[in-house]
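Asks: sequence first, predicted coordinates after that:
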Amino acid sequence: MRKIIPIIGMAIALVEIGYSFYTMNDTGRFFGFELNIWVFRIIWAALFGLMLNNYLKARKATV
């Protein structure tokens, strides 16, 4: 169960980043705040990185 949550988080982050390129907006909404689209993408990429790190740690702990 501890491995599934980071995988879901990574999927959501990738969808958000991909969709931000598809829509080509100038701003993105992150928890109700309007941000520059590149700041929005960087935040989602950082969240993806955190989830990936969490997943790799959980995977290493079980092996």
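Replies: Structure's in. What do you need? Numbering: from 1, shown residues only.
Asks: which positions within the host helix or strand of Arg41 qualify as buried?
Replies: Taking DSSP states H and E as the criterion, Arg41 maps to helix 37-62. By neighbour count on 16 or more other CB atoms under 10 Å, the buried set for helix 37-62 is Ile37, Phe40, Arg41, Ile43, Trp44, Leu47, Phe48, Met51, Asn54, Tyr55, Ala58. (C-beta placed from N, C-alpha, C; glycine too.)
Asks: contacts for the worst-scoring helix or strand of the chain on mean pLDDT, please.
Replies: The helix or strand of the chain with the lowest confidence, counting by mean pLDDT, DSSP states H and E, is strand 27-30 at a mean of 83. Applying CB atoms under 8 Å, 6 or more residues apart in numbering, the contact partners of strand 27-30 are Ser20, Glu34, Leu35, Asn36, Ile37, Val39, Phe40, Arg41, Ile43, Trp44.
Asks: got the CA coordinates for it in PDB?
Replies: The C-alpha trace of strand 27-30 is given here as PDB (Å, rounded to 0.1, in the frame of the first residue of the first chain):
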ATOM      1  CA  THR A  27      -1.200  30.700 -16.000                       C
ATOM      2  CA  GLY A  28      -1.900  27.600 -14.000                       C
ATOM      3  CA  ARG A  29      -4.000  27.200 -10.800                       C
ATOM      4  CA  PHE A  30      -2.300  25.500  -7.900                       C
END
